[in-house]
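>>> model the structure of this input:
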Amino acid sequence: MLQVVRCGIHGFHETLGIDTDEIRFFWTLQSDDENALQTAYQVRVFEVVPQDGQQSQRNPVIWDSEKQISNAQRDIICKPSQGFKSTQEYVWCITVFDQHDTATTSIENMFFTAYPRSQLLPPLSMNRTYMAHTALIFRTWFEDIENKWKAWWIGDGGDKPIYLRRSFKLDRVPFRAIAFVSGLGHHNFSVNGKPASDHVLDPGWTNYHRAVQFVAHDLTSSLRVGENVLGAHIGNGFYAGDQGDRFFWPKYEDNTYVRYGNELCFFAELHLIYEDGTHDVVISDSRWKVRKSATTLANIYASETHDRRVFPVGWDAPDFDESDWASAKGLTGPRGFLKYQSQPPVIRRETFHPISTSSPRPGVVCFDLGQNASTMVKIVVEGQAGSEITIRYGETAYEDGTIKMPDPLFKEFETKVYSTFFLAGTGSPEVWEPEFSFTSARYIQIDGVSLEVNSNLPIIHSAVGQHVSSASRRLGSMTTDKEDVNALLSALKWTFASNLFSYHTDCPQIEKFGWLEVTHLLAPATQYMVDMESLYTKILLDILDAQEPNGLVPTMAPEIRYMCGPLHDTITWGCALIFIPDILRKYYGSTHTIPRMYRAGERYMQYIKTKERKGGLIEHGLGDWGRGIAHGNAQANIETAVYHECLKCMERFAQILDLPNEAVRWGNEAARIYEVYNKHLLVTDDPNHPFAYYTSLDNPPARDRDAVCQAVALQFNMVPDIYKADVTHAFLDDVSDGRLRSGEIGLRYLFLTLHDINRPDLVLQMARQEEHPSYMRFLRRGETTLLEFWQDECRSKCHDMLGSILEWDGWRDFVVSPPYENEFGAVRGTFECPEDGVVRLELVIPMSTEARVMLPLGAKSVRLSREGGEMREVEGESVRLRHGRYVIHIV
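Down below sits the predicted model:
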């Protein structure tokens, strides 16, 4: 019998604020029967109508796919004819039918809508002081009020952190209580003195002029009869960035920072639904109370100042005296449209405890956490009232354990990134952790404390690092019997995890920017470790918001700092607009983003066409960035190949959208670029080399045969069939010495080509070489994450852009072909291989997929067993397996 083991809505990690009239369902199956398969499905969606304390989930059915004869389990479009009601609870379930037409129905899954057809708060707050909201100019806002936002943007009119609270009484407990909230730059939301969730850094970073995310919370179990209190603590983030006297990166040459807004602001709607159908709403308005926070500086670059002496204990709980708090002001708020925070929230994950503690001099205590990672530090300290301590953090330390910035150009990061904490002097240990900032750190330095109890200084009881990252579902892992390879796998894991937030950042420490090249270069590797679908859906929306009127897609989204030249306009970054929807299609079977971006992709291709040279070459960007630290190489080879692939993607998208004429046009454009590429870059007449190869145009008329140029041509299908063997030969010529000569762009394609020609030995040789470029050199020097460039010391030591070495592949129909002849005794996670001449290969093949397992030539015996079945002999070069757990013994 089939079982539905997981299901969801494409592009939504949480489903309490759905704000669209079209959604797409997916599900995964499981069965003990090897021959079981889905032959049909039916999905139904119901309104939830409270009725005498019962959920009437079968009345009415608002959408029914009806029984569909299909094995599809993803991308199932649900678009009710009248759309979804606003602020309405729905449930949905899936019925699947197997090959015997036996039906199995899933559990019921819930979602709650926000306002699918409303994107702005009403203009009440900014007009109330001089024009009544009943004025005729606002009439249309209130004619259909049940489908429109009702809250105000509120605050105190300033740009320093604030507390907001709203006390209200309930005479009965609601059947359902859903809160929609947003506070800019970031907010922490609480109910009755307790956090409403485990989120941090809500809402996600966006271009606030275009989009502002709101967050939804189910407060049903948190409310009670009597007094209830909603609380919000608001900090700056990038919305109204506050440098203070510390380091702040997005400044320009004149030391200015262009803010999105100058007033910290907040809105909330709490929807209370009762069993009798009554629907009440508590909104943010002038009935909320506000006061300045005990956190007086919230610099997103890990610098906060908090004075515990003025902290209002119990401020967000009932029975608190708010008589000296001011009434909140109505504010204009940001310009952007409201959108549900559909990507996974940022949360605290693992906790790193120190592996060593030292005091290099009186008043200074240093901690080594043993692992570099994105972190929110947490300390426990005890001392007298007014005692001032300083918390510093870094990825590198001097020999005495104090914080070090190895890049002399960024020495300010060593001295100007810190948090200050003033103790309340309660006579018991006090806890501090940042609320609105994070960094990447392995080392913590605390100034103004002591480890000695009898010192005149405050006593530091503990300091830990709390890893912060996206709450995206974690998937795979891998270990081997080689210590150095395991260290590399660990470094890759922590580097990837430390760069996933509400966007894919370049590093969590010194820049925090949303550079786009990593989104598509690392997606195939990252998605085997983390479920990236909903996060990448949000990233695509950021890119759409960042696109300029002429079609240009900038190199980062959100565009926190304006760059210039190729640092602003490079196709290997901007192509993320087109590559991400194709990645979601390939790895998640989802096409929901394609209609959203198709015309934007068309504008981008029209823009790139204006950059063509020699009839179709693109060579105005960064080339193989990171090779030779930051110099561009092979621009024409890389950027033109990416251009061609963008055109091929647009051709596929046009076919999916049933635009056959446009598909033909895109195909013709791609063919034109293919011809130009080979005309100018393919060399077939070199008397010094009896085989064809690709040259760059870096130093014409000189010809080179760089491996990256060959790899890019092979991986992007730019090589005519007649020359593929030649180009592979040229590739091997340049990599046969085991030296890694590549920047971040070419790196992925270099490793993919080595995989295609079955040369894992060269991959390991490249990784292990003594001199840079080398992964193992990083690890031998004690690094636990990847550095920004192939250097011993970098300003940033948690860049994931060199992480392409992790990648492997698989989907509905995939091939398992481990390199049986290699140095490993065991590899756990995906497979186990050679051990004393015997290979034991363990596989788990997901439901609704098939695998073709390649078998080694010359094997004496191959035996296979499926869990629950008997061992059997198999012969041939490969064996096809359906879902289940298998063990294969090869002698």
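>>> tell me the mean pLDDT for stretch 615-632?
Averaging the model's pLDDT scores along stretch 615-632 yields 85.
>>> for that stretch, what is the distance to the chain centroid?
On the basis of Cα atoms, centre = their mean, to the nearest Å, stretch 615-632 sits 26 Å off its chain's mean C-alpha point.
>>> list the buried residues of that stretch.
If you call a residue buried by 16 or more other Cβ atoms under 10 Å, then stretch 615-632 has these buried ones: 616-627, 632. C-beta here means a position set from N, CA and C on the backbone, and glycine is covered the same way.
>>> redo those as TSV? Include secondary structure and distance to residue 360.
Shown next, in TSV, are the buried residues of stretch 615-632 (DSSP: H, G, I helix; E, B strand; the rest coil; distance: Cβ to Cβ, whole Å):
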residue	secondary structure	distance to residue 360
616	coil	61
617	strand	57
618	coil	53
619	coil	52
620	coil	50
621	coil	46
622	coil	41
623	coil	44
624	coil	42
625	coil	38
626	coil	35
627	strand	39
632	coil	43
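>>> between those, which is nearest residue 755?
Residue 755 lies nearest to residue 624 out of the buried residues of stretch 615-632, by Cβ to Cβ, at 19.1 Å.
>>> I'd say the closest one and residue 748 touch.
No - Residue 624 is beyond contact range of residue 748, at 11.0 Å (criterion: Cβ atoms under 8 Å).
>>> which stretches in the stretch 51-200 of the chain count as helices?
Using DSSP state H, counting those that start in this stretch, the helices of the stretch 51-200 of the chain run over residues 124-127, 139-143.
>>> the stretch 751-891 of the chain too?
Under DSSP H, counting those that start in this stretch, the stretch 751-891 of the chain gives helices at 760-768, 775-780.
>>> so who does residue 402 touch?
For residue 402, the contacting residues are 360, 364, 366, 392, 445, by Cβ atoms under 8 Å, 6 or more residues apart in numbering.
>>> any idea of the mean pLDDT in stretch 31-40?
What stretch 31-40 shows for mean pLDDT is 90.
>>> show me what counts as buried in it.
Of the residues in stretch 31-40, those buried (16+ other Cβ under 10 Å) are 31, 36, 37, 38, 39, 40.
>>> pull the most distant pair out of the residues you listed.
Going by Cβ to Cβ, the pair spanning the buried residues of stretch 31-40 furthest: 31 and 40, at 15.2 Å.
>>> quick one on the thing from earlier: show me which of the buried residues of stretch 615-632 is closest to residue 794.
residue 626 (11.1 Å).
>>> can you pull the contacts of the closest one?
If you count contacts by Cβ under 8 Å, 6+ apart, then residue 626 has 743, 744, 745, 789, 790, 801, 802 around it.
>>> okay, now the first one: neighbour count?
Burial measure for residue 743: 26 neighbouring residues, criterion other Cβ atoms under 10 Å.
>>> so how far is residue 302 from it?
From residue 743 over to residue 302 the distance is 29 Å, taken as Cβ to Cβ, to the nearest Å.
>>> over to the third one?
Distance of residue 745 to residue 302, computed by Cβ to Cβ: 30 Å.
>>> residue 117 too?
Taking Cβ to Cβ as the measure, residue 117 falls 40 Å from residue 302.
>>> mind listing what the nearest residue to residue 652 once chain neighbours are set aside touches?
Using Cβ to Cβ, 6 or more residues apart in numbering and skipping the chain neighbours, the partner closest in space to residue 652 is residue 582 (7.0 Å). Applying Cβ under 8 Å, 6+ apart to residue 582 gives the contacts 649, 652, 653.
>>> give me the buried positions along stretch 111-121.
Residues of stretch 111-121 classed as buried: 111, 112, 113, 114, 115, 116, 118, 121 (neighbour count, 16+ other Cβ under 10 Å).
>>> same check on stretch 165-176?
165, 166, 167, 170, 174, 175, 176.
>>> dump the residues you listed to a markdown table, plus distance to residue 417.
Formatted as a markdown table, those follow (distance: Cβ to Cβ, whole Å):
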| residue | distance to residue 417 |
| --- | --- |
| 165 | 32 |
| 166 | 35 |
| 167 | 38 |
| 170 | 45 |
| 174 | 45 |
| 175 | 48 |
| 176 | 44 |
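>>> hang on, the earlier thing: quick one: mark the members of the contacts of residue 582 that sit in strands.
Judged by DSSP state E, strands contain none of these.
>>> ChimeraX command to pick out the buried ones of those?
Selecting only the buried entries of those in ChimeraX, with 16+ other Cβ under 10 Å as the criterion:
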select :649,652,653
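>>> ok, so of the contacts of residue 582, who is nearest residue 701?
Residue 701 lies nearest to residue 649 out of these, by Cβ to Cβ, at 33.6 Å.
>>> could you look up the SS state of residue 233?
With DSSP: H, G, I helix; E, B strand; the rest coil as the basis, residue 233 sits in strand.
>>> that's all I had, so thanks and see you.
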